[in-house]
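**Q** Next one to model:
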Amino acid sequence: MKKVLFSILVVALISSCGSSAEETLLTTDIINNPITADGDVDKDKLPHFEFVEEVKEFGTITQGEIVTTSFRFKNVGQSNLIISSAQGSCGCTVPEWPKEPIKPGEEGVINVKFDSNGKQGIQNKTITLVANTIPNTKVIAIKGEVIAPETK
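**A** Predicted coordinates for the structure are as follows:
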């Protein structure tokens, strides 16, 4: 009986000594907390996106083509704009965004690559940007039509 209890104790100790390498560190990308003690938001001090175009039309393309486009924007707010992530609505839409802060008055570019392989018909793909703005998400989009290649 003592050996069984000792074995259970050893197993419990070994399992409790797991590696903490898988833990993720919590960080905040927000430079300025715009909330005051009374709960009001000071939107004047926040960064703000201003896009030249929020929707891009790529027209009609043949299935298998890869289309790239760029979305230009300006930070019209009063503090640094930090884009923490950009996510396409599917794996065929891959955005690249600036990882460094965009200072007030400066411009940035989000490049988007759309792979039409396996797609057909009208395509409406979105890119969701997460940033230190209010609201904290901004959605931009690409649209077009993918036609099947001609068979010979």
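
**Q** so where do the strands sit in the protein?
**A** Using DSSP state E, the strands of the chain run over 49-51, 55-62, 66-75, 83-88, 93-96, 107-115, 121-131, 137-147.

**Q** got the buried residues for the third one?
**A** So that's strand 66-75. Within strand 66-75, the residues that count as buried by 16 or more other CB atoms under 10 Å are 67, 69, 71, 73-75. All C-beta spots, glycine's among them, are computed from the backbone N, C-alpha and C.

**Q** cool, the second one as well?
**A** For strand 55-62, burial by neighbour count (16+ other CB under 10 Å) applies to 56, 58, 61.

**Q** Equivalent analysis for the fourth one, please.
**A** Residues of strand 83-88 classed as buried under the neighbour-count rule (16+ other CB under 10 Å) are 83, 86, 88.

**Q** Might you list the low-confidence residue ranges for the protein?
**A** 4-7, 9-42, 152 (pLDDT under 70).

**Q** Centre-most residue in this protein?
**A** A86 (1.9 Å; CA atoms, centre = their mean).

**Q** bridging residues for that one?
**A** L129 (DSSP bridges).

**Q** wouldn't it be in contact with I110 here?
**A** Yes - counting by CB atoms under 8 Å, I110 is a contact partner of A86 at 6.4 Å.

**Q** Right, I'll leave it there.
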